[in-house]
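**Student:** 3D, please:
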Amino acid sequence: MAANTDEAALGYEQARDELIEVVRRLEAGGTTLEESLALWERGEELAKVCRHWLEGARARLDAALSAGADEAAGSDED
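**Tutor:** Got it, this is the predicted structure:
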């Protein structure tokens, strides 16, 4: 459960930067199978965190655009 708390505390930029490092290490090779699997699993967790942040940002943008459209429609009726 502590891992989920740590992941929730990660900001988008932190998760993205760590994910980039994980990918770099996997692409560079030279790790054992066990290390590679651990890196892959961490990368999947980080990708999930990034996806969560991006989905939240998309929802906020959609809400703002919708509110703006509603305001514009309301002012057209006046």
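**Student:** In space, what's closest to V23 - neighbours in sequence excluded?
**Tutor:** With C-beta to C-beta, 6 or more residues apart in numbering as the measure, G43 is the residue that lies nearest to V23, at 6.6 Å, once sequence neighbours are left out. Using the backbone N, CA and C atoms, a C-beta is placed for each residue, glycine as well.
**Student:** Phi, psi for the one you found please.
**Tutor:** Reported as degrees, to the nearest 10, the phi and psi values for G43 are phi -60, psi -40.
**Student:** How about T32?
**Tutor:** Here the main-chain torsion angles of T32 (degrees, to the nearest 10) amount to phi -70, psi 170.
**Student:** That one: neighbour count?
**Tutor:** For T32, the tally of surrounding residues (other C-beta atoms under 10 Å) stands at 8.
**Student:** who touches G43 in this structure?
**Tutor:** 19, 22-23, 26 (C-beta atoms under 8 Å, 6 or more residues apart in numbering).
**Student:** Buried subset of those as a PyMOL selection?
**Tutor:** Selecting only the buried members of the contacts of G43 in PyMOL, with burial defined as 16 or more other C-beta atoms under 10 Å, works like this:
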select buried, resi 19+22
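**Student:** Which one of the contacts of G43 is nearest to R58?
**Tutor:** Proximity of the contacts of G43 to R58 (C-beta to C-beta) peaks at L19, which lies at 18.7 Å.
**Student:** Just the element for the closest one, please.
**Tutor:** helix 12-28 (DSSP states H and E).
**Student:** now swap in A38 and tell me
**Tutor:** Secondary-structure element containing A38, defined by DSSP H and E: helix 33-77.
**Student:** Run the chain-centre distance for that helix.
**Tutor:** In terms of C-alpha atoms, centre = their mean, to the nearest Å, the centre of helix 33-77 is set 7 Å apart from its chain centre.
**Student:** Would you mind checking the average pLDDT for it?
**Tutor:** Per-region confidence: helix 33-77 scores 92 on mean pLDDT.
**Student:** Next, G29: phi, psi?
**Tutor:** Reported as degrees, to the nearest 10, the phi and psi values for G29 are phi 70, psi -170.
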